[in-house]
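>>> The following comprises the amino acid sequence and a computationally predicted model.
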Amino acid sequence: MAKKIQIILAVLALAGAISYFLIDANEKQFDETQWHIRPLTRYKMAKDIVSSNILLGKSQDEVEDLLGKAVPSNLEGRDHLVFDLGKAPSFFEAAAESLVVIFEEDKVVKVLHSRR
């Protein structure tokens, strides 16, 4: 019985370590240089861009100076820019990800991390 408990605890500890590694490996602090030279790994910086609010209050020109040229968008409604983030590795089919920057009166008011 004690042996079974040890095995179960070992499996749970291993699963926790693997989960932590996978989550940590897919998140990174925003780095402008890496953003430009490694566009397929931008998804790693998306959470930091959204949570740090580094784009809030910036003009459209300032955002494009920082992040580069936006991709064409078919979204309607608010003034916005869309930036491709690449695809995060996944055990299942990976979804394309994008960063949507929404403007009001030429200032960023919201940044969304979108998976499609």
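On my side now, so go ahead. Numbers count the residues shown, from 1 in each chain.
>>> can you pull out the strands in the protein?
Shown for the chain, the strands assigned by DSSP state E span residues 79-87, 96-104, 107-115.
>>> Can you give me every residue that contacts the most centrally placed residue in the chain?
Among the residues of the chain, residue 46 comes closest to the average C-alpha position under CA atoms, centre = their mean, at 2.6 Å. Residues counted as contacts of residue 46 (CB atoms under 8 Å, 6 or more residues apart in numbering) are 85, 97, 99, 113. Any C-beta I mention is one placed from the backbone N, CA and C, and that applies to glycine too.
>>> returning to what we had before: what I need now is the strands of the chain written out in a markdown table, including distance to residue 9 and mean neighbour count for each item.
Putting the strands of the chain into a markdown table (distance: least, CB to CB, whole Å; neighbours: other CB atoms under 10 Å) gives the following:
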| stretch | distance to residue 9 | mean neighbour count |
| --- | --- | --- |
| strand 79-87 | 35 | 18 |
| strand 96-104 | 35 | 18 |
| strand 107-115 | 34 | 16 |
